[in-house]
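Enquirer: Sharing a sequence plus its predicted fold:
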Amino acid sequence: MSDFVSLLDILEKPSYDGQRKLREEVAAMDFELRRVMDTGLSPDEMPKAQAGRSAAHAALDILDKIFN
C-alpha cells in the first residue's frame, strides 16, 4: 500500500487523486483475496477469507456513499 492518506485529506483536496487510489487499493485487496480463495483454502481459512472479501465490499459501498 501507499503512504497513509486520511479520508479527510481526500475530501479537503478535491484535486488530489486519493479517491481513485483508495478505491483501487480496496479493489486490489478484494482481488487478492479472491485469487487466494480460488487456489483453495482449508475449511478453517475459508471463513476468514470470505469475511475479508465481505469487508472489502462493504468498504467499497461506503466509499460510494461518501463520494457520490
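Expert: Structure's in. What do you need?

Enquirer: Now name the helix or strand holding the most centrally placed residue in the chain.
Expert: Nearest to the geometric centre of the chain sits Val26, at 1.8 Å (Cα atoms, centre = their mean). Secondary structure assigned from DSSP states H and E places Val26 in helix 18-39.

Enquirer: So what touches that helix?
Expert: By Cβ atoms under 8 Å, 6 or more residues apart in numbering, the list of residues contacting helix 18-39 from outside reads 1-2, 5, 7, 9-10, 46, 49-50, 52-53, 56-57, 59-60, 63, 67. Bear in mind the C-beta positions are built from the backbone N, C-alpha and C, glycine included.

Enquirer: any idea which helix or strand comes after it?
Expert: The helix or strand immediately downstream of helix 18-39 is helix 45-67, counting by DSSP H and E.

Enquirer: Buried by neighbour count: which residues of that next one qualify?
Expert: Across helix 45-67, burial judged by 16 or more other Cβ atoms under 10 Å covers 52-53, 56, 59-60, 63.

Enquirer: Reformat these as CSV; add pLDDT and distance to Ser42.
Expert: Formatted as CSV, those follow (pLDDT from 0 to 100; distance: Cβ to Cβ, whole Å):
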residue, pLDDT, distance to Ser42
Gly52, 96, 15
Arg53, 96, 17
Ala56, 96, 21
Ala59, 94, 25
Leu60, 93, 27
Leu63, 88, 31
